[in-house]
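S.K.: based on what follows, work out the 3D shape:
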Amino acid sequence: MKKTKEYMRLQKKRWRANNIEYARAYQRKWNMENGSRIRAEERTVAHRRRIEILDFLGGKCHCGFSDWRALQIDHVNGGGVKHHRELYRNIVKFYADIRKNPKKYQVLCANCNWIKRYEKQETKPII
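M.R.: So this is what the prediction gives:
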């Protein structure tokens, strides 16, 4: 029994080594033929996740604006750019952190977000 498992493992390893170029070529061809469909599906999923997380945080700015296209997720205490660069290069991880710590984040419209950044001097001065 042990000999048979070892033999099968080696056969599988040999097959992979012999067919890796074929598999790569097949994958490239498939991606070229189906790329637009894949990207459209990815956009749909990303759009749905964004709306879900905005709704989770309240779905509107404190000024009453609720059009999701101009809503932004903001760190309540600032430092969001630095925090995002350090920890969350992956948007899924970022959204997971929002769900774990919703008090650290808020939804603001683009105007309110930029006004907040200016008033609290969260941006570097332009010189």
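
S.K.: residue 56 and residue 101 touch, don't they?
M.R.: No: judged on CB atoms under 8 Å, residue 56 makes no contact with residue 101 at a distance of 11.9 Å. The way it works is simple: take the backbone N, C-alpha and C, and place the C-beta from them, glycine included.

S.K.: compare those two (neighbour count), which wins?
M.R.: With neighbours defined as other CB atoms under 10 Å, residue 56 and residue 101 compare such that residue 56 has more, 14 against 9.

S.K.: so who does the more buried one touch?
M.R.: The contact partners of residue 56, taken as CB atoms under 8 Å, 6 or more residues apart in numbering, are 98, 99, 102.

S.K.: let's see if you can find the most crowded of these.
M.R.: Neighbour-wise, the contacts of residue 56 (other CB under 10 Å) top out at residue 98, 17 neighbours.

S.K.: now that one, what are its backbone angles?
M.R.: Main-chain torsions, residue 98, degrees, to the nearest 10: phi -60, psi -40.

S.K.: give me the number of residues near the closest residue to it other than its chain neighbours?
M.R.: Closest residue in space to residue 98, ignoring its immediate chain neighbours: residue 105 at 5.2 Å, by CB to CB, 6 or more residues apart in numbering. Counted by other CB under 10 Å, the residues lying close to residue 105 total 20.
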